[in-house]
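**Student:** quick check, what structure comes out for this input:
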Amino acid sequence: DLISITEYCVSSTEAYGIFLCLQNAMTFLSRYEAVDIVKVKIDGNSRSIWGISPPSRHAMLNDLLSDNPITVRVEWQFTRDPTTGSSEFAGDEYSFQIEHGDPQRLKLAAMLNGTLQEPVEVFNLFPKYVKVPGVKGVARPANELMTAPGNRVDFSNVTVRLNHSRVTEELEGEVEWWTVQE
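**Tutor:** Now for the predicted structure:
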């Protein structure tokens, strides 16, 4: 979902106050028209079924329960006016590590083995502000709008849930998919 920046700043005194206090943010924003800036809300419904083999799932579970740090890779992608059928997109990715002993790891492991049904909060996962080029290319975090550029502290927390459903009453088996909410 897209929300115009004017509507967002009017409805969010937090955002307006942050931007007023950050000279870099005001300078950055002054280079754009209001129609060029939107707040994106994550569409939390997965567009695909999660397919993972039992051995890979077991290995992932073992990694989450191990003493070793695990690497999480996050990717985002924006498509300009998807109604035109254009395949031009801009995106980027980054990775970070979750250390042994982090409670998120245990909760994710419990979700994978089916003992936890509630969503798991993952901290500082997606950048709150992204600079999307007019044509395809790299859509990097807008560091000018961050209070601590280059640090994930300005990223959004999200909750993730692994959903399960039977394929049909007649067929054996189950499908899984992830939902993500900001």
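
**Student:** next up, the contacts around Glu121.
**Tutor:** 104, 157-159 (Cβ atoms under 8 Å, 6 or more residues apart in numbering). Yep, even glycine has a C-beta here, placed from its N, CA and C like the rest.

**Student:** ok, and the closest non-adjacent residue to the residue most central in space within the chain?
**Tutor:** Centroid-nearest residue in the chain, with Cα atoms, centre = their mean: Phe126, separated by 4.1 Å. Leaving aside its sequence neighbours, Phe126 sits nearest to Ser156 (Cβ to Cβ, 6 or more residues apart in numbering; 4.9 Å).

**Student:** narrow the contacts of Glu121 to those that are buried.
**Tutor:** Neighbour-count burial within the contacts of Glu121 applies to 104, 158; the criterion is 16 or more other Cβ atoms under 10 Å.

**Student:** in strands, which of the contacts of Glu121 fall?
**Tutor:** 157-159 (DSSP state E).

**Student:** state the distance from Phe155 to Tyr129.
**Tutor:** According to Cβ to Cβ, to the nearest Å, Phe155 and Tyr129 sit 10 Å apart.

**Student:** neighbouring contacts of stretch 144-156?
**Tutor:** Contact partners of stretch 144-156, identified using Cβ under 8 Å, 6+ apart, comprise 18-19, 22, 24-25, 27-29, 42, 96, 124-129, 141, 143, 182.

**Student:** try 7 Å this time
**Tutor:** With Cβ atoms under 7 Å, 6 or more residues apart in numbering as the test, stretch 144-156 has contacts from 22, 24-25, 28, 96, 124-129, 143, 182.

**Student:** point out where this protein drops to low pLDDT.
**Tutor:** For the chain, the stretches with pLDDT under 70 are 1-22, 34-40, 46, 80-87, 135-136, 149-150, 169-171.

**Student:** determine the longest helix present in it.
**Tutor:** Looking across the chain with DSSP state H, the single longest helix is helix 54-65.

**Student:** and the helix or strand following it with helix 54-65, angle?
**Tutor:** Toward the C-terminus, helix 54-65 is succeeded by strand 70-79 as the next helix or strand (DSSP states H and E). Angle, strand 70-79 to helix 54-65, by axes from the mean of the first three to the mean of the last three Cα atoms, to 10 degrees: 110 degrees.

**Student:** pull out the buried positions in the helix or strand following strand 70-79.
**Tutor:** Following strand 70-79 in sequence order, the next helix or strand is strand 89-98 (DSSP H and E). Of all the residues in strand 89-98, those buried under the rule 16+ other Cβ under 10 Å are 90-92, 98.
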